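Undergrad: Here is a sequence together with a model predicted from it:
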Amino acid sequence: MKSYQFLIFFSIVMLIYASVNYYIYSRAMQAIPADSNFRSWFRWGFLLLASSYVAGRFLERAYLSVFSDVLTWVGVFWLAVMLYGFLMVVLVDLVRLTDYFTGVLPEVMHTVKFKQNAFFVSSVLIILVVIGGHINAITPRTTTLDIEIDKTAGDLKQLNIAMASDIHMGTLIGPRRTSKLVDSINSLNPDIILFAGDIVDEDLAPVIRQNLGEALKKLKAPLGVYGITGNHEYIGGAEAAVKYLEAHGIVMLRDSVLKISDAFYVAGREDREKSRFSGKNRKEVSELLANVDKSLPIILLDHQPYSLEKASEAGVDLQLSGHTHHGQLWPLNYITSAIYEVSMGHKQKGKSHFYVSPGFGGWGPPVRTGHRPEIVNIRLRFR
């Protein structure tokens, strides 16, 4: 990405971030009595929390340390608190606006005491939601999917696939979560393991420092372990990320196709962000599969689930994707459902099957509300 484009993008993001935080802060200060000693504590505490994520990510790139880890952890939880704080304040302002025109609220709800109590109750509710969402985020499930493909695959009658996407290994997804991923996948006794992008988070330094790749070496599948790039590999530097993953046992498919056991194909696309970060376009699906034998099953890994009809027209039998996180935090799932034809789950178009996983890890807050992270066990049967 060109430097001026990044500067514009970063400026817009920071403006929105600062505006949302100021909106929450100003409304909260209205609810705290003017003569309360808590106002000063709240002011400085809010400033510290609101700046922690940005400070932590900058420090992480300049000098990775325990201090940068603490700031990042505090900051990512604040992102979740900020979202639900924003929604709560918007709800309160809508009620206030309605009362302004109708006068429906009783007089007691206009008192300083009521506003103060409402502020503390709302804060407790938000904290409980974030804690529950964190427990949910660190408790992945295994989703089982049975799919039948009307093709022969050599001597294979069925294929046991373990698939995961959006692991985001790094500061937040460290040794414990990575080991849990590996153990859960190995417990499925898969024939093949497929990673549908965003295996590492933007910054590779925390992955190296914690030696997370060592756990990946313990993955076991007789037909191999394969992965593709996601947008986060490109944000942090795709070449370094790919080199690290390949050094730790993952065969990275970069606009390439492999024929496995003379029975089926696994194709992997570069992430669609490749053109923005490298200035080079990735291959179209039809171009990628131009020379494959379409009588054999074709499995495609494509991180971002756009233009599903193109994969179907190109003869793909099963496409595996991630990226959406299904919004990760309710109600953002309504946005991803509006953007993507499939935000989460399975869909069949003609003879082509598509599965979009909400991911194993997450970006930003280690919090999920409305759905759980997952590992996917796909039992593929052939004719």
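TA: Thanks, I have it.

Undergrad: now the strands for the stretch 151-300 of the chain?
TA: Here the stretch 151-300 of the chain has its strands, by DSSP state E, counting those that start in this stretch, at 158-164, 192-195, 225-227, 251-252, 256-260, 264-268, 298-301.

Undergrad: out of these, nearest to Gly364?
TA: Closest approach to Gly364 among the strands of the stretch 151-300 of the chain (Cβ to Cβ): strand 158-164, 18.7 Å. Backbone N, C-alpha and C define where each C-beta goes, glycine included.

Undergrad: Nearest residue to Ser36 in space, ignoring adjacent ones along the chain?
TA: Excluding the flanking residues, the one nearest Ser36 by Cβ to Cβ, 6 or more residues apart in numbering is Gln116, at 7.9 Å.

Undergrad: Can you tell me the closest non-neighbouring residue to His346?
TA: For His346, the closest residue by Cβ to Cβ, 6+ apart turns out to be Tyr355, at 5.0 Å.

Undergrad: Also Gly213?
TA: Nearest to Gly213 is His248, by Cβ to Cβ, 6+ apart, at 3.4 Å.

Undergrad: So that neighbour versus Met88, what's the distance?
TA: Distance from His248 to Met88, counting by Cβ to Cβ, to the nearest Å: 43 Å.

Undergrad: So for stretch 125-139, mean pLDDT?
TA: The average of the pLDDT scores along stretch 125-139 is 96.

Undergrad: chain center to that stretch: distance?
TA: 16 Å (Cα atoms, centre = their mean, to the nearest Å).

Undergrad: Not counting it itself, show me its contacts.
TA: Contacts with stretch 125-139, where a contact means Cβ atoms under 8 Å, 6 or more residues apart in numbering, come from 77, 80-81, 84-85, 88, 177, 329, 362, 365-369, 372-373.

Undergrad: repeat that for 6 Å
TA: Ala80, Val81, Tyr84, Gly85, Pro366, Val367, Arg368, Thr369, Arg372 (Cβ atoms under 6 Å, 6 or more residues apart in numbering).

Undergrad: which sections of the stretch 201-350 of the chain are below the confidence cut-off?
TA: Of all residues in the stretch 201-350 of the chain, none has pLDDT under 70.

Undergrad: quick one: pLDDT of the residue of the chain most remote from its centre?
TA: Computed with Cα atoms, centre = their mean, the residue of the chain farthest from its C-alpha average is Glu107, at 45.3 Å. Listed pLDDT for Glu107 reads 89.

Undergrad: For it, which phi and psi angles does the backbone take?
TA: phi -60, psi -30 (degrees, to the nearest 10).

Undergrad: State the distance from it to Val95.
TA: Glu107 is 15 Å from Val95, by Cβ to Cβ.

Undergrad: and if you look at Ile127?
TA: Ile127 is 21 Å from Val95, by Cβ to Cβ.

Undergrad: Flag every buried residue along the longest helix along the chain.
TA: In the chain, with assignment by DSSP state H, the single longest helix is helix 66-102. The neighbour-count check on helix 66-102 (16 or more other Cβ atoms under 10 Å) flags 68-69, 71-85, 88-89, 92 as buried.

Undergrad: Now the element after that helix, going C-ward?
TA: Following helix 66-102 in sequence order, the next helix or strand is helix 112-137 (DSSP states H and E).

Undergrad: about what we covered before: which SS class is the residue nearest to His346?
TA: Using DSSP: H, G, I helix; E, B strand; the rest coil, the secondary structure recorded for Tyr355 is strand.

Undergrad: separation between it and Val316?
TA: 12 Å.

Undergrad: Quick check: Val129 vs Asp35, distance?
TA: Relative to Asp35, and taking Cβ to Cβ, Val129 is found at 31 Å.

Undergrad: More neighbours: which of those two?
TA: Set side by side, Val129 and Asp35 show more neighbours around Val129, with 19 against 7, by other Cβ atoms under 10 Å.

Undergrad: Ser312 falls within a strand, correct?
TA: No: according to three-state DSSP, the state of Ser312 is helix, so it is not within a strand.

Undergrad: and it, how many neighbours does it have?
TA: 19.

Undergrad: Specify the beta-bridge partners of the residue lying closest to it once chain neighbours are set aside.
TA: Spatial nearest neighbour of Ser312, chain neighbours left out: Ser352 (4.0 Å); criterion: Cβ to Cβ, 6+ apart. Assessed by DSSP bridges, Ser352 has beta-bridge partners Lys349.

Undergrad: pretty sure Ser352 contacts Lys310?
TA: No: between Ser352 and Lys310 there is no contact under Cβ atoms under 6 Å: 10.3 Å.

Undergrad: who has more neighbours, those two?
TA: Ser352 (21 against 13).

Undergrad: now the more buried one: how far from Ser337?
TA: 20 Å.

Undergrad: Please apply the same query to Lys351.
TA: 25 Å.

Undergrad: Perfect, that will be all.
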